[in-house]
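> Here's my sequence, what's the structure:
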Amino acid sequence: MPASKQEVEALGWDQPDVILFTGDAYVDHPSFGAAVIGRVLEADGFRVAVVSQPNWRDDLRDFRKLGAPRLFFGISGGCMDSMVNHYTANKRLRSDDAYTAGNVAGFRPDYAVTVYSRILKKLYPDVPVVIGGIEASLRRLTHYDYWQDRLKPGILAESNADLLVYGMGEHAIRVVARSLRNGKKTGELTDIPQTAYITKDSGLPKMSEPYLMLHSYEDCIRSKRKFAENFCRIETESNKLHASRIVEPVEGRYIIVNPPEYRTDEKAVDLSFDLPYTRLPHPRYKGKVIPAFEMIKFSVNIHRGCFGGCSFCTISAHQGKFTASRSERSILNEVRQVIQMPEFKGYLSDLGGPSANMFRMKGRDNLLCSKCSRYSCIYPKLCRNLNADHSPLLELYRKVRNMEGVKKVFIGSGIRYDLLMNVNGFLSREHACYFNELLQHHVSGRLKVAPEHCSQHVLKAMRKPDFALFIRLKEEFDRIGRSKNLRQQLTPYLISSHPGCTEADMKQLSGIMKKMRLNRPEQVQDFTPTPLTLSSVMYYCGFDPYTGKKLYIAREKEEKMKQKTIIIQQITDESRRQM
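Okay, here's the model as predicted:
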């Protein structure tokens, strides 16, 4: 898609229909949101141009260079929330940016969506602005902002944008574009699923469908209890197959969030993956490395969504709790495209998703799912209605690794071992078969899993399974490794300073890792509160919003650093002993 005035003119366009602004470098790949939205609109007959990482510090020439679009501006902060992208868990400014050519920081502003939106509304006040992507999606309602250490209103109240598309918004953005093309104004777009808007007149008496009224933004500022109640209502509603409209008063106006449209059928998911991506960065970046692209260059995403329900994770709040899998045809076609890439040497780096082993998993009885509002299908126990059959995934693995041009298929995404086993072992012979085949054919030396912690009360706050299950997994991993003579490592992902976690808990975790001979847990993440997650609400409120039970919170930078250092020091000490 064109990304400069010269490229627009070369196509003979007098004016694009839609101009997309993104905080990332422009990579024409299905893992980058701006590319997906652009290609989806392009396939619908719209002329789409992209402006990547515009300079907001100068005379704003990047915001002016393509002029005004015929229909609307689309804005995304990028594949990450701009604040997570910019700052460490201790609020230190990062020196790099994996989504920028050359891995250089400083090419996007803090709160990028709001900054871009305000600039465009000032320059072109009569042109609609539609915001989306993960930053807008997770900030659609009152949320705790860790970097300012305060509650912020829904992003529509601060950005001056006309409309917000949340979640995986390919279908919603097409409806928006078609409606505007047909002459409708943004003020008339009040019933499109998976969108939100702000209005002075709530129109509540005119709403034909039931809606959920939240406490106002002002009430949440005054009362942590009310903010906690809001979160519980929002999360419970988002976990339903058929949700209600949500209304939140803010500063004399109302943010109205229409229900999501969970399009989980294969055709709907295939639509965005089957478009004619070049799978490459824009030519302007020639000679520069974009680390985020390098990481996924030879990988293939097979599904979206996650029903794990972890407290700290944003996936279900953005992609949805209900998994949406691609068809086998679509996946194999993409693998063929990867094989044709000049630099491909036969090794697929990943064939996975948010969780590697949730492909085609859903409820057996959809009627039961429609009555359910559980935040997780596997915690605290595996739902009896969940079809956790791994055989379709195994069949896919076999077909891909037997394709001509493929030497090895690695599973780089982390697996959910609580879908395979309990403390007594594997759930079935089929689950054991999956794990055996995974280790023998699809592990590039390290298998990623995420126990996160070992203390029971911390795991409960995280909504993660009992640590005994991880111990059982390690036993099976070692047993299979010995029997098959596999030289592999188990790589545990761990989190420090999560709500409920103390220094004593981290010392316990360090000791257990050492006892299990996992002396190099390289993936230790200092907890960062991100908008619209249970963990961030716990961090801000100091209690579990569902039970009201108080939690220990490591708030000071020094304490957060000390908790992480306990594990890091273990690694350093062990390395010295081995020298």
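> so who does Met80 touch?
Tyr99, Ile134, Glu135 (C-beta atoms under 8 Å, 6 or more residues apart in numbering). (Each C-beta comes from the backbone N, C-alpha and C, glycine too.)
> Could you single out the nearest of the residues you listed to Lys362?
Among the contacts of Met80, Ile134 lies closest to Lys362 (C-beta to C-beta), at 23.6 Å.
> Among the contacts of Met80, which are located in helices?
Ile134, Glu135 (DSSP state H).
> Now flag whichever of the contacts of Met80 is closest to Tyr166.
Here the nearest of the contacts of Met80 to Tyr166, counting by C-beta to C-beta, is Ile134; it sits at 9.2 Å.
> mind listing what that closest one touches?
Gly33, Gly77, Cys79, Met80, Asp81, Thr314, His318.
> try 7 Å
Cys79, Met80, Asp81, Thr314, His318 (C-beta atoms under 7 Å, 6 or more residues apart in numbering).
> looking at those residues, which has the most residues close by?
Most neighbours among these, by other C-beta atoms under 10 Å: Asp81, with 25 neighbours.
> Not counting its neighbours along the chain, what's nearest that residue?
Setting aside the residues directly before and after it, Asp81 is nearest to Glu135 in space (C-beta to C-beta, 6 or more residues apart in numbering), at 4.6 Å.
> could you dump the contacts of Met80 to TSV with pLDDT and distance to Pro125?
Shown next, in TSV, are the contacts of Met80 (pLDDT from 0 to 100; distance: C-beta to C-beta, whole Å):
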residue	pLDDT	distance to Pro125
Tyr99	98	30
Ile134	97	27
Glu135	98	23
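> returning to what we had before: switch the contacts of Ile134 over to CSV; also include secondary structure and pLDDT.
Listed next are the contacts of Ile134 as CSV, based on DSSP: H, G, I helix; E, B strand; the rest coil; pLDDT from 0 to 100:
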residue, secondary structure, pLDDT
Cys79, coil, 96
Met80, coil, 96
Asp81, coil, 97
Thr314, coil, 92
His318, helix, 91
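> Would you mind giving these as JSON lines with distance to Ala292 added?
As requested, the contacts of Ile134 are exported to JSON lines (distance: C-beta to C-beta, whole Å):
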{"residue": "Cys79", "distance to Ala292": "7"}
{"residue": "Met80", "distance to Ala292": "9"}
{"residue": "Asp81", "distance to Ala292": "14"}
{"residue": "Thr314", "distance to Ala292": "17"}
{"residue": "His318", "distance to Ala292": "17"}
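> Counting neighbours, what do you get for the residue nearest to Asp81?
For Glu135, the count of nearby residues is 26 (other C-beta under 10 Å).
> Please report the distance of it from Ile378.
28 Å (C-beta to C-beta, to the nearest Å).
> Gly45 too?
Separation of Gly45 from Ile378 (C-beta to C-beta): 42 Å.
> which residues does the nearest residue to Tyr111 once chain neighbours are set aside contact?
Leaving aside its sequence neighbours, Tyr111 sits nearest to Ser82 (C-beta to C-beta, 6+ apart; 6.1 Å). The contact partners of Ser82, taken as C-beta under 7 Å, 6+ apart, are Gly23, Arg108, Pro109, Asp110, Tyr111, Ala112, Glu135.
> So which of the residues you listed sit within strands?
For these, not one is inside strands, with DSSP state E as the criterion.
> Including distance to Glu248, could those go into CSV?
Output for the contacts of Ser82, formatted as CSV (distance: C-beta to C-beta, whole Å):
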residue, distance to Glu248
Gly23, 26
Arg108, 28
Pro109, 26
Asp110, 24
Tyr111, 20
Ala112, 23
Glu135, 18
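> which stretches of this structure have low pLDDT?
Judged by pLDDT under 70, the chain has its weakly predicted residues at 202-208, 263, 519-522, 570-579.
> Okay, domains of it per the record?
For the chain, automatic domain parsing gives the domain ranges 5-198, 447-579.
> helix/strand/coil for Trp56?
Secondary structure, DSSP: H, G, I helix; E, B strand; the rest coil: Trp56 is coil.
> For the helix or strand where Val176 lies, buried residues please.
According to DSSP states H and E, Val176 maps onto helix 170-181. Neighbour-count burial for helix 170-181 flags Glu170, His171, Ala172, Ile173, Arg174, Val175, Val176, Ala177, Ser179, Leu180 (criterion: 16 or more other C-beta atoms under 10 Å).
> Just the closest of those to Arg472, please.
Among the buried residues of helix 170-181, Glu170 lies closest to Arg472 (C-beta to C-beta), at 40.0 Å.
> Now the residue nearest to the spatial centre of the chain. Its backbone dihedrals?
Centroid check for the chain by C-alpha atoms, centre = their mean gives Ile315 as the closest residue, at 4.3 Å. Reported as degrees, to the nearest 10, the phi and psi values for Ile315 are phi -60, psi -50.
> my guess is it meets Pro354, correct?
Yes. Ile315 lies in contact with Pro354 (C-beta atoms under 7 Å); the separation is 4.8 Å.
> what's the overlap in contacts for those two?
Residues touching both Ile315 and Pro354 by C-beta under 7 Å, 6+ apart: Cys306.
> now the end-to-end length of stretch 114-132.
Its first and final residues considered, stretch 114-132 spans 11 Å by C-alpha to C-alpha, to the nearest Å.
> Return the set of buried residues in it.
Quick answer for stretch 114-132 (16+ other C-beta under 10 Å): 114-121, 124, 127-132.
> show me where the stretch 401-550 of the chain has helices.
For the stretch 401-550 of the chain, applying DSSP state H, counting those that start in this stretch gives helices covering 429-441, 456-462, 467-484, 503-515, 534-541.
> taking the buried residues of stretch 114-132 one by one, which sit in helices?
Thr114, Val115, Tyr116, Ser117, Arg118, Ile119, Leu120, Lys121.
> For these, give me TSV that also has distance to Gln523.
Below are those laid out as TSV (distance: C-beta to C-beta, whole Å):
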residue	distance to Gln523
Thr114	32
Val115	32
Tyr116	32
Ser117	35
Arg118	37
Ile119	38
Leu120	39
Lys121	41
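> wait, which of those residues is closest to Ala388?
Distance to Ala388 across those (C-beta to C-beta) is lowest for Thr114, with 41.1 Å.
> so how far is Pro125 from the closest residue to that closest one other than its chain neighbours?
In space, and not counting its chain neighbours, Thr114 is closest to Ser159: 4.4 Å by C-beta to C-beta, 6+ apart. Plainly put, Ser159 is 14 Å away from Pro125 if you go by C-beta to C-beta.
> list residues touching both of these two?
By C-beta under 7 Å, 6+ apart, no residue touches both Ser159 and Pro125.
> one step back: now do the contacts for the residue nearest to Thr114.
Going by C-beta under 7 Å, 6+ apart, the list of residues near Ser159 reads Val113, Thr114, Ser117, Arg118, Ile131.
> Am I right that Ala228 is in contact with Tyr539?
No. Using C-beta under 7 Å, Ala228 makes no contact with Tyr539, being 11.7 Å away.
> show me where the stretch 101-250 of the chain has helices.
Along the stretch 101-250 of the chain, the segments classed as helices by DSSP H, counting those that start in this stretch run 112-123, 133-138, 155-159, 170-181, 217-222, 224-238.
> May I see those helices arranged in TSV, with distance to Gln569 as well?
What follows is the helices of the stretch 101-250 of the chain, written out as TSV (distance: least, C-beta to C-beta, whole Å):
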stretch	distance to Gln569
helix 112-123	36
helix 133-138	33
helix 155-159	40
helix 170-181	46
helix 217-222	39
helix 224-238	35
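> between these, which gets nearest to Gln489?
The closest of these to Gln489 is helix 133-138. By C-beta to C-beta, the value is 31.1 Å.
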